[in-house]
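Visitor: heads up, no residue letters with this:
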């Protein structure tokens with residue numbers, strides 16, 4: 001990717017920032033399903049970072065060439081002569097090397113597997129033996145019924161018409177065994193510990209509950225913030241970061257200074273999100289009951305929503321406005337009307 005252009009390092013950094021958007025979507029989808037996809041994405045992002053470091057150190061202004069090197073023809077001839085001069089390894093028991101020492105030949109192959117019995121023969125013999133035992137027991141005569149249980153008169157249907165209504169005969173001599181009812185795991189066993197950690201270039205904030213003082217201050221432009229599984233908590237992200245994602249959160253408030261790429265809100269309920277400076281894109285998916293506060297710098301944001309309801313955007317009045325300085329609240333449309341115009345579907349909010 002750095003073969004073109006006179007400044008490949010900044011170009012690679014832009015591609016890394018763009019790839020992180022899709023990498024985060026893969027992680028959100030497969031984090032609880034199949035972690036191998038998350039590991040692959042982390043390895044790929046690490047590879048891109050290493051490529052960026054290498055290009056920045058050795059090819060900052062483009063690919064550098066060895067101006068004092070040999071011609072391609074001489075280089076190819078040198079490699080061809082080195083290959084043809086190599087001696088093949090002898091197939092005898094030993095091979096001479098240098099000053100007379102020898103290398104022993106490899107050991108013989110391992111012995112074959114031990115003989116096994118034919119399962120079909122054994123199965124046929126066992127079945128034949130069982131059938132012979134059955135015929136021998138039938139030829140005993142009258143004593144063949146000696147081991148049968150005697151039926152009491154109270155269990156005979158022809159003598160008790162009340163038993164004919166059901167096809168089951170009650171066993172008087174049997175006792176009912178009360179097995180213990182298995183109990184499911186308690187709710188506390190599913191609770192995971194809350195943590196805030198920096199893994200590579202990704203801040204992880206997860207499993208907080210009733211915490212109003214979570215602050216991430218040591219941030220940089222190439223880092224992402226992933227907030228997951230928090231309830232009734234407030235998280236503040238200071239500085240400029242690349243991506244901020246809120247996933248499966250309820251009654252949470254998020255405050256960020258500035259975002260380079262996008263803000264993603266997924267599977268969240270009753271949340272509030274405030275941007276103090278600027279963000280280019282806000283995506284909301286499968287969420288409801290959200291209040292998003294914009295700054296004057298972020299009024300040109302692109303808003304993408306899907307499968308969401310009760311989403312409201314609030315923004316301050318224009319500069320120089322006198323009088324009422326409260327935020328203006330506008331809901332995101334949820335009802336639409338579509339028409340077919342000139343072979344195309346035209347959709348308008350209603």
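Guide: That came through fine. Being a predicted model, the structure only gives us computed values, none of them experimental. Numbering: from 1, shown residues only.
Visitor: Which residue is the nearest non-sequential neighbour of residue 333?
Guide: Spatially, and ignoring its direct neighbours in sequence, residue 333 is nearest to residue 349 (3.4 Å; Cβ to Cβ, 6 or more residues apart in numbering). For the C-beta atoms, the positions are set from N, CA and C on the backbone; glycine is no exception.
Visitor: In this structure the one you found contacts residue 331, no?
Guide: No: between residue 349 and residue 331 there is no contact, the gap being 10.1 Å when judged by Cβ atoms under 8 Å.
Visitor: Show me what the residue nearest to residue 333 is bridged to.
Guide: residue 336 (DSSP bridges).
Visitor: do you know how far it is from residue 334?
Guide: Separation of residue 349 from residue 334 (Cβ to Cβ, to the nearest Å): 8 Å.
Visitor: Give me the more crowded residue out of those two.
Guide: Neighbour totals were compared for residue 349 and residue 334, and residue 334 leads with 12 against 9 (other Cβ atoms under 10 Å).
Visitor: What are the phi and psi values at that one?
Guide: phi -120, psi -20 (degrees, to the nearest 10).
Visitor: do you know how far it is from residue 281?
Guide: Distance from residue 334 to residue 281, counting by Cβ to Cβ: 21 Å.
Visitor: the bottom helix or strand of this structure by mean pLDDT?
Guide: strand 94-97 (a mean of 47; mean pLDDT, DSSP states H and E).
Visitor: mind checking pLDDT for the residue nearest to residue 333?
Guide: pLDDT recorded at residue 349 is 89.
Visitor: show me what contacts it?
Guide: 333, 335-337 (Cβ atoms under 8 Å, 6 or more residues apart in numbering).
Visitor: what pLDDT, on average, does the helix or strand hosting residue 57 get?
Guide: Assigned by DSSP states H and E, residue 57 belongs to helix 35-58. For helix 35-58, mean pLDDT rounds to 86.
Visitor: quick one: buried residues of that helix?
Guide: Residues 38, 41, 45, 48-49, 51-52, 55 are the ones in helix 35-58 that count as buried (16 or more other Cβ atoms under 10 Å).
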